[in-house]
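Asks: Build the 3D model from these lines:
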Amino acid sequence: MHSQPTIDIAFVDDWELRGDGSGDPWKLQFEPIRHLARLFKERGMRASFNAELMQQLTFRRWEGLHPQLAKLADEWDEVVRETFLQRHDVQLHLHPQWENATFENGKWVLRSEWSLLKHDPEHIREMVAAGKVYLEQLLRPLNPNYKCVSFRAGSWVIAPSEYILPILADLGILFDTSVVAGVRYHTRRIECDYTCCEEAFLPYFPVMNDARKVAQEPQPIICIPTNQFRAGMLFVIGQDICRLGARAKLKLGLGGGGLRASAPVDGRVAGYNEWKYAGPKRSALVEFTRRVQAHFKALYISDIAQLNYAQLTRMLEKMRERARQSHLPRVPVVLTNHTKDIRDFSHIEKFLDLVAAASDLNAITLTDLAKGLLQGVYLIRTRNGLVRKTAPGRLSAA
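Replies: Okay, the predicted model is just below:
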């Protein structure tokens with residue numbers, strides 16, 4: 001038994017505008033990614049950025065009619081290249097609602113389905129292939145060995161589906177990071193239920209028609225869950241008391257605000273406004289009871305933009321606990337982040353300092369993670385036990 005396994009943390013940012021296409025790319029993307037990349041570089045750490053390619057492909061499609069879009073698309077390319085040259089990684093993220101978007105009166109109008117599950121296989125293949133080709137053509141002049149090896153679906157939705165995982169594997173994607181075990185939400189636009197996931201922490205070979213399930217044998221693609229954690233009732237109560245105290249100080253004019261991210265409901269992170277409940281109407285008593293129960297169960301997605309420092313340290317405690325319980329010497333953990341949501345970098349800086357100083361923590365990129373999988377550094381779960389990836393492959397660090 002290994003009492004203190006090494007945890008290889010992949011800091012992964014979903015780099016995008018808001019889900020409805022709104023927002024200033026300079027404020028939500030270009031400025032914060034440059035600042036965030038600099039924070040990692042100052043600590044000798046590398047991160048990964050999941051570039052939302054449907055947005056960029058749509059900007060390119062309309063740039064001939066609207067010169068301002070050409071300028072933004074060119075800056076997008078420049079920021080991606082600049083970030084990559086700082087030895088950070090860039091991988092593929094995709095929001096299908098950008099398909100067939102139109103630019104009307106200076107605003108984007110997105111009419112396509114938000115859920116990848118609601119798009120037909122031909123369109124999914126076209127979107128993923130186009131995004132992958134765009135990234136590789138953009139970055140291979142800087143590193144001929146660059147490969148797009150990982151994928152994350154918009155709004156996390158990738159299962160169940162008969163065809164998404166086979167399409168990803170066929171296009172050369174080695175692993176997916178869309179699954180967040182325990183998350184459930186239902187809106188008028190999108191629905192997701194990951195409460196039945198069979199693996200919440202370790203890499204695993206998925207059943208090819210349902211990424212929530214672990215396969216009996218190795219498959220052509222791997223799933224690596226994006227980390228989540230339950231904070232515990234006492235921790236949540238403590239956070240609530242601190243939050244109430246901060247609000248009281250603000251009302252009294254004493255300052256002291258700054259706590260972030262209230263406990264989520266049904267596995268939702270506070271701040272994702274489009275994830276509001278949209279199911280059948282409940283009675284007031286049932287709704288109140290459900291909210292109280294969900295609040296104290298407190299499932300958090302490990303999104304560093306949404307968590308305060310106390311929540312981030314609690315997340316780290318839970319990661320270490322799970323790593324020890326795995327009895328493995330080394331485990332990869334995928335965190336997430338959304339630059340569009342960052343308003344204050346101070347909690348992120350403090351957390352990065354904590355990680356940089358820890359002997360059992362190591363910051364890696366998604367390309368590093370892919371190399372580790374191919375080289376057998378990380379074991380992969382099947383229903384029949386842990387195995388190593390045996391397929392040949394060569395990757396170069398970004």
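Asks: wait, what's in contact with residue 76?
Replies: By Cβ atoms under 8 Å, 6 or more residues apart in numbering, the contact set of residue 76 is 25, 29-30, 56, 59. (Glycine included, C-beta is placed from N, CA and C.)
Asks: what are the C-alpha coordinates of stretch 128-148, in CSV please?
Replies: These are the backbone C-alpha positions of stretch 128-148, laid out as CSV (Å, rounded to 0.1, in the frame of the first residue of the first chain):
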residue,chain,number,x,y,z
VAL,A,128,-15.1,17.3,-34.2
ALA,A,129,-13.0,16.7,-37.3
ALA,A,130,-13.1,20.4,-38.3
GLY,A,131,-12.1,21.5,-34.8
LYS,A,132,-9.3,18.9,-34.6
VAL,A,133,-7.9,19.9,-38.0
TYR,A,134,-8.1,23.6,-37.2
LEU,A,135,-6.1,23.1,-34.0
GLU,A,136,-3.5,20.9,-35.6
GLN,A,137,-3.0,23.2,-38.6
LEU,A,138,-2.6,26.1,-36.2
LEU,A,139,-0.1,24.5,-33.8
ARG,A,140,2.0,22.1,-35.9
PRO,A,141,4.0,24.9,-37.5
LEU,A,142,5.2,25.5,-33.9
ASN,A,143,5.6,21.9,-33.0
PRO,A,144,5.3,19.3,-35.8
ASN,A,145,4.6,16.6,-33.2
TYR,A,146,1.5,18.3,-31.8
LYS,A,147,-1.6,16.1,-31.6
CYS,A,148,-5.1,16.8,-30.5
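Asks: How about it, which residues are buried there?
Replies: Neighbour-count burial for stretch 128-148, with 16 or more other Cβ atoms under 10 Å as criterion, is recorded at 128, 131-132, 134-135, 138-139, 146-148.
Asks: can you put those in JSON lines and add secondary structure?
Replies: Converted to JSON lines, the buried residues of stretch 128-148 look like this (DSSP: H, G, I helix; E, B strand; the rest coil):
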{"residue": "128", "secondary structure": "helix"}
{"residue": "131", "secondary structure": "helix"}
{"residue": "132", "secondary structure": "helix"}
{"residue": "134", "secondary structure": "helix"}
{"residue": "135", "secondary structure": "helix"}
{"residue": "138", "secondary structure": "helix"}
{"residue": "139", "secondary structure": "helix"}
{"residue": "146", "secondary structure": "coil"}
{"residue": "147", "secondary structure": "coil"}
{"residue": "148", "secondary structure": "coil"}
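Asks: which residues of the stretch 1-150 of the chain fall in helices?
Replies: 25, 31-42, 53-62, 67-85, 121-139 (DSSP state H, counting those that start in this stretch).
Asks: now the first one: how far from the chain's centre is it?
Replies: To tie it back to what came earlier, the one meant is helix 25. In terms of Cα atoms, centre = their mean, to the nearest Å, the centre of helix 25 is set 19 Å apart from its chain centre.
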